[in-house]
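[1] Take a look and give me a structure for this.
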Amino acid sequence: MEATVPRRFALPAPWLAASLLLGAICWTGIATLTAGMLSVQPAEAGFDLDLLLQAGRRVAAGLSPYDPANLVQPLHARDLFYSYPPVVAQLLSVVASLPLAALLLLWGIASVGGLLLVTEALRRRLAPDLSMVAALAPVLAAAPLVFPFSVALMFGNLDAWFPLVYGLVLLAALGAGTGTRVVAGIGLGTAVVAKLHPASLVVWLAIRGRRERALWVVLAATLAAGAVLVAVSVALNGWGPWADYLTVVQAEAGALILTPVNIGPAPQVAMLFGFSEGAARVLGALVAAGALGLTAWAAEQSRDVVTSLALAAVASLVILPITWYHYPLALMPFAIAAYLRARPAQVPAVRWLLGAAVLASLLAIVAPVAVWIAVALVLVAVARTAPTALDRVPLAAQASPA
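    Residues are numbered from 1 along each chain as shown. From the prediction side, this is the model:
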């Protein structure tokens with residue numbers, strides 16, 4: 001694995017100050033809006049987290065985490081119900097008695113903290129001569145403007161943690177130490193058990209690991225973490241909750257997926273051309289197969305590991321029949337990596353590309369499918385900043401501790 005030679009491109013002091021001011025204004029706005037949405041009954045914010053807490057309370061009471069009504073009734077993709085594996089509810093049962101507002105605040109602080117942690121680690125690896133403030137300030141300012149991320153924070157969605165999870169895997173791919181690789185695998189294994197669709201990254205790790213053996217540490221940790229979580233879940237509450245989970249999965253498999261907020265390629269194409277629900281599912285199967293093919297191709301062919309993993313990350317978002325508009329927030333670490341590794345001549349174009357990506361993500365407020373424009377712009381920025389032969393230096397020369 002290789003890393004690029006770091007170069008200075010810090011924002012001028014006035015722009016840095018403007019970033020900090022913009023960040024303060026935006027975060028204040030998010031906090032005010034969330035507080036207002038929490039104050040009404042029923043609360044309009046934190047409902048994703050509340051579903052998890054309700055399931056956690058059922059587990060704490062010795063019950064199945066699943067609402068019995070959702071085990072028998074027909075479902076729609078937009079229905080609100082707990083549909084994660086039992087282990088998620090079991091983990092949250094520990095804090096399920098705490099107030100929603102307090103947990104949502106902690107959830108948001110921890111998620112943003114994870115994003116900043118990844119940013120700092122990427123700065124050390126890709127641009128060590130750039131100051132911490134110069135790297136973190138633009139990210140902190142832009143984060144609340146990234147609609148998928150801000151929505152995930154306001155609703156308390158599990159995907160709010162994905163910048164941290166995907167960012168750790170990216171750091172591992174860039175040659176971070178063994179400790180980081182193990183932590184990345186544990187994070188990915190947890191994400192796979194909780195959300196399923198990141199499992200396609202296991203394919204990327206297995207194939208890419210043939211040329212970069214260090215990635216097999218991530219793969220092993222991913223598989224081990226997933227196995228341990230399932231084993232502990234069964235040891236605590238037996239197989240009953242998992243049997244209920246399979247019933248929920250079967251019910252989900254038959255849920256209607258044709259809805260504007262399902263931004264997956266298959267349902268969007270089906271709605272555009274007036275195809276039926278059945279046709280949308282056939283298209284979905286083809287998209288999933290294509291996504292796995294893209295993952296394998298990117299792992300095998302792409303010389304630049306950041307571009308390769310970015311393509312695999314995008315593919316992981318469309319594996320399942322339903323793709324929510326907050327899923328693409330997983331691309332945030334790749335946008336940050338593109339910004340940090342840009343060569344001086346590329347910096348203006350990369351800033352425009354990423355700025356346009358943020359604006360495109362805001363369009364998702366009225367047209368959720370517009371978030372794919374943001375994804376495309378991030379991929380262009382990542383590919384544009386891929387190191388050339390002249391930029392590459394042995395990774396060992398820049399090795400840093402985990």
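[2] Buried ones in stretch 341-351, by neighbour count?
    Across stretch 341-351, burial judged by 16 or more other Cβ atoms under 10 Å covers 341-343, 346, 350-351. (C-beta placed from N, C-alpha, C; glycine too.)
[3] Using a markdown table, please lay out those together with distance to residue 33.
    As requested, the buried residues of stretch 341-351 are exported to a markdown table (distance: Cβ to Cβ, whole Å):
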| residue | distance to residue 33 |
| --- | --- |
| 341 | 34 |
| 342 | 33 |
| 343 | 39 |
| 346 | 36 |
| 350 | 30 |
| 351 | 27 |
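[4] my guess is residue 277 meets residue 258, correct?
    Yes. Here residue 277 reaches residue 258: they are 5.7 Å apart, a contact under Cβ atoms under 8 Å.
[5] which neighbours do those two share?
    Residues touching both residue 277 and residue 258 by Cβ atoms under 8 Å, 6 or more residues apart in numbering: residue 270.
[6] ok, these two, which is more surrounded?
    residue 258 (18 against 13; other Cβ atoms under 10 Å).
[7] Give the helix, strand or coil label for the more buried one.
    Three-state assignment for residue 258 (DSSP: H, G, I helix; E, B strand; the rest coil): coil.
[8] got the contact list for it?
    By Cβ under 8 Å, 6+ apart, the contact list for residue 258 reads 267, 270-271, 277, 280.
[9] quick one: which two of these are the most distant?
    271 and 277 (10.4 Å; Cβ to Cβ).
[10] so where is the chain shaky, pLDDT-wise?
    The chain contains residues with pLDDT under 70 at 1-12, 69-80, 254, 389-402.
[11] which residues of it fall in strands?
    Shown for the chain, the strands assigned by DSSP state E span residues 2-4, 392-394.
[12] What is the neighbour count of the residue nearest to residue 377 when sequence neighbours are not counted?
    Closest residue to residue 377 apart from its sequence neighbours, by Cβ to Cβ, 6 or more residues apart in numbering: residue 357 at 3.9 Å. A count of nearby residues for residue 357, using other Cβ under 10 Å, gives 26.
[13] so how far is residue 27 from residue 357?
    20 Å (Cβ to Cβ, to the nearest Å).
[14] wait, doesn't residue 199 sit right on residue 193?
    No. When contacts are counted by Cβ under 8 Å, residue 199 is not listed as touching residue 193 (9.2 Å).
[15] Which residue of those two possesses the greater neighbour count?
    Between residue 199 and residue 193, counted using other Cβ under 10 Å, the more crowded position is residue 193 (23 against 18).
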